[in-house]
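Undergrad: I need the structure of the sequence given here:
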Amino acid sequence: MFWIERHWYRDSLVSRLLSPIAVLYRAAAMLKRRLYLTGWCRVATFSVPVVVVGNITVGGTGKTPLVLWLTHYLAGAGWRPGIVTRGYRGRTRDWPQRVTAQSDPRLVGDESVLLAQRSRVPVVADPDRPRAVRELLAQDCNIVVSDDGLQHYRLGRDIEIAVLDGERGLGNGRCLPAGPLREPPSRLQTVDARVLNGATAPDAWSMKLVPSEFRRVRASDETAPIDHFRGRRVHALAGIGNPNRFFQSMRALGAVVVEHPFPDHHRFDAKDLRFADNDDIVMTEKDAVKCHAFAGPNVWYLAVDAEIDPRFGDWLQQRLRSK
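TA: Next up is the predicted model:
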């Protein structure tokens, strides 16, 4: 996908040639939404609030760190939150799956395991989001946070939060495959909140990802401070939607970075971690969950936390009360 992604963020000949297909894609996306809004297609509703965190672009925007922030905030406010997720690229045929920190990412997806490790709340993975919610409610949760699912309209929701990449924005503004959009930009006018990752805007809540520490992949309880690699050459690996964001973070921490971008949700194996030199390897936390079995002692990951406008929590509580 790398070759076409280069055209999503500029007005190129390729993106123009693909525009007729994008028009059809846009029309199909709008029709699908309208069928659910008008009642032609059935929406599953639940007795507890459902908060959907998603985006209208393909690729990473920071929604998973925001989901973790939300669950920690809600738990601190007295709620019993749980998370539903698609389990993207999970190979199991037995859905839904209750995900734990020890689950196999090959079966339930890398993001699912990361959410279970970091959130410490019940996590259920299932491409059928309503079925996942029903499984989650059996675990005594009284509020559901959906990681992604903005376009999964069969899942009823009380609050929609769209996360935007402050660096890449909406690209060239075209829908797939001519651009990165899953839905037209007008969809953002219908969500309850927009969260802008890495920038500020008057009509969005600001958020940034803050590095907290490095952790050794094979022994994740072994940590190092964020200046550990200052002035040192490292191989930086990233199989996420926007690898450049991770590389920039490593450079900001003072490391001399050798970049190794991979496709989003890349299935790492041992050969991906082999280099002729003995320099340390640093990867994202999402990638690290797939590498525990074969990572050497020189493989680390960078843990990050979402920091969001402190008024956002008050807005969320007020929104939940109004619902």
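Undergrad: end to end, how far does stretch 177-189 reach?
TA: 22 Å (CA to CA, to the nearest Å).
Undergrad: What's the separation between Asp221 and Val304?
TA: 18 Å (CB to CB, to the nearest Å). Bear in mind the C-beta positions are built from the backbone N, C-alpha and C, glycine included.
Undergrad: Looking at these two, which is more packed in?
TA: Val304 (20 against 6; other CB atoms under 10 Å).
Undergrad: Look up which helix or strand the closest residue to that one other than its chain neighbours falls in, please.
TA: Spatial nearest neighbour of Val304, chain neighbours left out: Leu209 (4.5 Å); criterion: CB to CB, 6 or more residues apart in numbering. Using DSSP states H and E, Leu209 maps to strand 205-216.
Undergrad: Parallel or antiparallel, which strands does that strand pair with?
TA: Strand pairing for strand 205-216, using DSSP bridges, gives strand 193-197 (parallel), strand 223-224 (antiparallel), strand 299-308 (antiparallel).
Undergrad: Save those as a markdown table, and put in distance to Ala27 too.
TA: Output for the strands paired with strand 205-216, formatted as a markdown table (distance: least, CB to CB, whole Å):
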| stretch | distance to Ala27 |
| --- | --- |
| strand 193-197 | 24 |
| strand 223-224 | 50 |
| strand 299-308 | 35 |
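Undergrad: Quick check: which of these is buried the most?
TA: strand 193-197 (a mean of 22; mean count of other CB atoms under 10 Å).
Undergrad: From the chain's centroid, how far away is that one?
TA: Distance of strand 193-197 from its chain centroid, counting by CA atoms, centre = their mean, to the nearest Å, is 13 Å.
Undergrad: One more: stretch 155-165?
TA: How far stretch 155-165 lies from its chain's middle: 13 Å, per CA atoms, centre = their mean.
Undergrad: again with stretch 253-260
TA: Worked out by CA atoms, centre = their mean, stretch 253-260 lies 23 Å from the chain centre.
Undergrad: tell me the mean pLDDT over that stretch?
TA: Here stretch 253-260 scores 97 as its mean pLDDT.
Undergrad: Format the strands paired with strand 205-216 as JSON lines; extra columns: mean pLDDT.
TA: Listed next are the strands paired with strand 205-216 as JSON lines, based on pLDDT from 0 to 100:
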{"stretch": "strand 193-197", "mean pLDDT": "97"}
{"stretch": "strand 223-224", "mean pLDDT": "96"}
{"stretch": "strand 299-308", "mean pLDDT": "96"}
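Undergrad: These: which one's closest to Val234?
TA: strand 299-308 (8.4 Å; CB to CB).
Undergrad: all helices in the chain, in order from the N-terminus.
TA: Along the chain, counting by DSSP state H, helices occupy 2-8, 13-17, 19-37, 63-76, 105-108, 110-119, 129-137, 243-252, 285-288, 311-322.
Undergrad: C-alpha coordinates for the fifth one, PDB please?
TA: Right, the one you point to is helix 105-108. Extracted in PDB, the C-alpha atoms of helix 105-108 (Å, rounded to 0.1, in the frame of the first residue of the first chain):
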ATOM      1  CA  PRO A 105      -2.000 -11.200  18.700                       C
ATOM      2  CA  ARG A 106      -2.000 -13.500  15.700                       C
ATOM      3  CA  LEU A 107      -5.400 -14.800  16.800                       C
ATOM      4  CA  VAL A 108      -7.000 -11.600  18.100                       C
END
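Undergrad: Show me what that helix packs onto, helices and strands only.
TA: Based on contacts counted as 3 or more CB pairs under 8 Å, 6 or more residues apart in numbering; DSSP states H and E, the elements that helix 105-108 packs against are strand 97-99.
Undergrad: rewinding a little: residue contacts, the residue nearest to Val304?
TA: The contact partners of Leu209, taken as CB atoms under 8 Å, 6 or more residues apart in numbering, are 62, 65, 197-198, 245, 249, 304-307.
Undergrad: repeat for Arg33
TA: Arg33 sits next to 151, 153, 183, 187 when contact means CB under 8 Å, 6+ apart.
Undergrad: Could you dump the helices of the chain into TSV and include distance to Leu164?
TA: TSV is the format used below for these (distance: least, CB to CB, whole Å):
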stretch	distance to Leu164
helix 2-8	15
helix 13-17	20
helix 19-37	18
helix 63-76	10
helix 105-108	27
helix 110-119	19
helix 129-137	22
helix 243-252	13
helix 285-288	19
helix 311-322	14
